[in-house]
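Novice: I would like to see how this sequence folds:
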Amino acid sequence: MSLSAARTVGTRGTPGRLGPVWTFLFRYGPPRWTEYLIKNWAGQRLVISLPYLWLLIFFLVPFLIVLKISFAEFSPLGRPPYEPVFRWLDEGALQIKLLVSSYTYLFNEPLYVSSWGYSIMVAAVSTVLCLLLGYPMAYAIARSTPTYRNVFLMLVILPFWTSFLLRVYAWIGLLKTDGVINNVLMWLGIIDAPLTMMYTSFAVYIGIVYSYLPFMILPLYSNLEKHDNTLLEAASDLGAGPIKAFLRVTLPLSFPGIVAGSLLVFIPAVGEYVIPSLLGRTDQLMIAKLLSDEFFLNRDWPKASAVAIAMLLLLVVPIMLFQHFQNKELQANKK
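Specialist: Purely as a prediction, here's the structure:
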């Protein structure tokens, strides 16, 4: 049906109720739809409510379900393997049975305490390494010419075109005893015997830094690229050398980018599961591996849910800090 025919059907056709709809769709077009929604009070509420509806369905509801299960009693023979938290008795009364044993177990069991400490340590060290590597790279990209800048940014994003799992598997071929790195070092005569790099904390750090380094570079580049170079010229005119000008001008101005990049690396690194499972130690587990074992191997859903809630609460403070500095940077950019 042509556009003119559609307009004719919409205005003069038999189904009279479709007439105004066809007229609105074909006469005003998408730009006018957007303008209508923005100017209309109901349209504004509709646009605002969609993100909240998404968070309600895909975040708040699953969170409440997991929170409820974390207070349940473990029932190994049950299907699902826990006792109901809310139960209607024969008398018509509602019975609520909340247990905190799953949470107390997390802080009293040495295995969980060790896993929490190891996860936080790995995430913190990986974040510092990403910052030490990512800051010079982001600074060099921000100070390069526009032509080279686009090429460098493409190279930073290029690893995301490959599957995350395949990239982690590639490190197995590099780090194993008869892998590429050991063979090259032995061929050059640097070492006499192969180095043990697989299934160590070193391999975990390598995998996490390699995988999450772009998350550090991109926020830093976004911040450094907006700096006013005349401030450095003014510092130089006042007698400050390059190092002093960097420490007194560039570094303080890039602090919001440092915080944003560090949180983008630290938050997912705490709950990293794939890299420690493929490259990490077998005698030291991270908290995400324990959560998986409790859920799938032990089928202890209350403990697994308690671990998930504890991880979420642990990361609430970094997420709030990230939002604070992100809003602060947005306000600074508006000024």
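Novice: Show me which residues of stretch 290-300 are buried.
Specialist: Neighbour-count burial for stretch 290-300 flags 290-291, 294-295, 299-300 (criterion: 16 or more other Cβ atoms under 10 Å). Every C-beta, even on glycine, is put in place using the N, C-alpha and C of the backbone.
Novice: just the residues you listed now: which is nearest Arg79?
Specialist: Closest to Arg79 out of the buried residues of stretch 290-300 is Arg299 (10.0 Å), distances taken as Cβ to Cβ.
Novice: what secondary structure does the closest one sit in?
Specialist: coil (DSSP: H, G, I helix; E, B strand; the rest coil).
Novice: which residues touch it?
Specialist: Listed by Cβ atoms under 8 Å, 6 or more residues apart in numbering, the contact partners of Arg299 are 76, 81.
Novice: How about Ile181?
Specialist: Contacts of Ile181 by Cβ under 8 Å, 6+ apart are 174-175, 195, 197.
Novice: ok, back up a step: pipe the buried residues of stretch 290-300 into a markdown table and attach pLDDT per row.
Specialist: Listed next are those as a markdown table, based on pLDDT from 0 to 100:
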| residue | pLDDT |
| --- | --- |
| Leu290 | 89 |
| Leu291 | 89 |
| Glu294 | 89 |
| Phe295 | 89 |
| Arg299 | 90 |
| Asp300 | 90 |
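Novice: which one of those sits closest to Val156?
Specialist: Nearest to Val156 among the buried residues of stretch 290-300: Leu291, at 31.1 Å, using Cβ to Cβ.
Novice: host element of the closest one?
Specialist: Here Leu291 sits within helix 287-292, counting by DSSP states H and E.
Novice: From Ala140, how far off is the nearest residue to Phe295 once chain neighbours are set aside?
Specialist: Excluding the flanking residues, the one nearest Phe295 by Cβ to Cβ, 6 or more residues apart in numbering is Ala304, at 4.0 Å. Separation of Ala304 from Ala140 (Cβ to Cβ, to the nearest Å): 44 Å.
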